[in-house]
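Participant: Turn this into a structure:
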Amino acid sequence: MKKWRSLFASLRGIAKNRRGQTLVEYGLVLILIAVIIVAMVLVIGQKTKNTYSTIGSSFPQPP
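Facilitator: Next comes the predicted model:
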């Protein structure tokens with residue numbers, strides 16, 4: 001029973017520690033921003049590739 005009390009006391013101490021919680025929140029926001037940037041680069045990259053392919057194919061081919 002004493003082990004459970006010390007476990008709960010440790011968990012309460014961790015829950016009261018706001019610095020660690022804030023650090024985790026900033027980390028999650030940073031990961032979310034990175035995922036959004038990667039997704040946008042992939043989408044924009046594909047659209048850019050398609051645009052250049054269309055422009056390139058519109059030029060007459062050399063004989």
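Participant: From the contact counts, what lies against the longest helix seen in the chain?
Facilitator: Looking across the chain with DSSP state H, the single longest helix is helix 18-58. Packing contacts for helix 18-58, counted by 3 or more CB pairs under 8 Å, 6 or more residues apart in numbering; DSSP states H and E, involve no helix or strand. Using the backbone N, CA and C atoms, a C-beta is placed for each residue, glycine as well.
Participant: Can you give the distance of it from its chain's centre?
Facilitator: Its chain's C-alpha centre and that of helix 18-58 lie 8 Å apart, by CA atoms, centre = their mean, to the nearest Å.
Participant: What's the mean pLDDT across that helix?
Facilitator: Mean per-residue pLDDT for helix 18-58: 89.
Participant: Which pLDDT value belongs to Lys3?
Facilitator: So, for Lys3, pLDDT stands at 69.
Participant: quick one: Ile36 from Val43, how far?
Facilitator: Noted for Ile36: a distance of 11 Å to Val43, by CB to CB, to the nearest Å.
Participant: Check Thr22 too.
Facilitator: 32 Å.
Participant: Then Ser10?
Facilitator: As judged by CB to CB, Ser10 and Val43 stand 45 Å apart.
Participant: Would you mind putting the CA coordinates of stretch 26-39 into PDB?
Facilitator: C-alpha atoms of stretch 26-39 as PDB (Å, rounded to 0.1, in the frame of the first residue of the first chain):
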ATOM      1  CA  TYR A  26       5.300  23.400 -27.600                       C
ATOM      2  CA  GLY A  27       6.800  20.200 -29.000                       C
ATOM      3  CA  LEU A  28       3.400  19.000 -30.200                       C
ATOM      4  CA  VAL A  29       2.700  22.400 -31.900                       C
ATOM      5  CA  LEU A  30       6.100  22.300 -33.600                       C
ATOM      6  CA  ILE A  31       5.400  18.700 -34.900                       C
ATOM      7  CA  LEU A  32       2.000  19.800 -36.200                       C
ATOM      8  CA  ILE A  33       3.600  22.800 -38.000                       C
ATOM      9  CA  ALA A  34       6.300  20.500 -39.500                       C
ATOM     10  CA  VAL A  35       3.700  18.100 -40.800                       C
ATOM     11  CA  ILE A  36       1.700  20.900 -42.400                       C
ATOM     12  CA  ILE A  37       4.800  22.300 -44.100                       C
ATOM     13  CA  VAL A  38       5.800  18.900 -45.400                       C
ATOM     14  CA  ALA A  39       2.200  18.300 -46.800                       C
END
